[in-house]
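S.K.: coords please:
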Amino acid sequence: MAFDTSMYEWRKYKAYYSEENGVVSFRQDTPQHVLDSYAKYAEQQEAMHDFATRNDLKKKRKNTGLFSRPKASPHAKTGAELLFEALRDKKSPEAAWFAASAVRIDEHGRATVGFSQMDFAGLVYGECIVAEQKCVLIGSKNSDPLVSVILTDYKKRIIQIQDFTSKAQ
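M.R.: As a prediction, the model looks like this:
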């Protein structure tokens, strides 16, 4: 495999060019083979600047792979917070706040799967305590004290709601 040195041929003809501050200027009577050689050289230099460096490749590889997940914005509200605000303002919750296989376990232990099966009638929440992927809503259901524990996924959508009531006075 021979190395192509034709891109450096133009350097042999110093009489035909001048170089100032990294800018090369050719004279009017420069032969075509010298100009072609410089064109190859310029193309090679541009290709080298476009080539990714090791640091670029490291940045590109970061957060990729089998166990990396796209994360939601840390300032975005979780589905649990949006649910709390909607029920507090007596609005209906939206399906986008829930994962496709969201589960709700009521105070009697009955489970419903999917947003369309969940019933939020009679729920009144007064307080919301948020942890990273967990949220606790405190309120009442049909005038009985109620605590709901809500789990969210990495996209901040609700995956599970479990209700607890107390009849103790």
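S.K.: tell me the buried residues in stretch 20-33?
M.R.: Of the residues in stretch 20-33, none count as buried by neighbour count, 16 or more other Cβ atoms under 10 Å. (Glycine included, C-beta is placed from N, CA and C.)
S.K.: begin at 12 from here
M.R.: Yep, numbering from 12; the last one is stretch 31-44 now.
S.K.: domain assignment for this structure?
M.R.: Here the chain is described, according to automatic domain parsing, as comprising the domains 17-62, 90-176.
S.K.: which of the ones you listed sits most buried?
M.R.: Highest mean neighbour count of the domains of the chain: domain 90-176, a mean of 15 (counted as mean count of other Cβ atoms under 10 Å).
S.K.: show me how far it is from its chain's centre.
M.R.: 25 Å (Cα atoms, centre = their mean, to the nearest Å).
S.K.: start to end distance for that domain?
M.R.: With Cα to Cα, to the nearest Å as the measure, the ends of domain 90-176 fall 22 Å from one another.
S.K.: any residues touching the longest helix seen in the chain, and which ones?
M.R.: The residue-count maximum for a helix in the chain (DSSP state H) belongs to helix 43-61. Around helix 43-61, the neighbours that count as contacts under Cβ atoms under 8 Å, 6 or more residues apart in numbering are Ser17, Met18, Tyr19, Glu20, Trp21, Tyr24, Tyr27, Tyr28, Val35, Phe37.
S.K.: go with 6 Å
M.R.: Outside of helix 43-61, the residues within contact range by Cβ atoms under 6 Å, 6 or more residues apart in numbering are Ser17, Met18, Glu20, Trp21, Tyr24, Tyr27.
S.K.: give me the mean pLDDT for that helix.
M.R.: For helix 43-61, the mean per-residue pLDDT is 85.
S.K.: may I have it exported as CSV, CA atoms only?
M.R.: Presented in CSV, the C-alpha positions along helix 43-61 are these (Å, rounded to 0.1, in the frame of the first residue of the first chain):
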residue,chain,number,x,y,z
GLN,A,43,-2.6,23.5,-12.5
HIS,A,44,-0.9,20.5,-10.9
VAL,A,45,0.2,22.7,-8.0
LEU,A,46,-3.3,24.0,-7.5
ASP,A,47,-4.7,20.5,-7.7
SER,A,48,-2.2,19.3,-5.1
TYR,A,49,-3.2,22.2,-2.7
ALA,A,50,-6.9,21.3,-3.3
LYS,A,51,-6.2,17.7,-2.1
TYR,A,52,-4.3,19.1,0.9
ALA,A,53,-7.1,21.4,1.9
GLU,A,54,-9.6,18.6,1.5
GLN,A,55,-7.5,16.3,3.7
GLN,A,56,-7.2,19.1,6.4
GLU,A,57,-10.9,19.7,6.4
ALA,A,58,-11.6,15.9,6.8
MET,A,59,-9.2,15.8,9.7
HIS,A,60,-11.1,18.6,11.4
ASP,A,61,-14.4,16.8,10.9
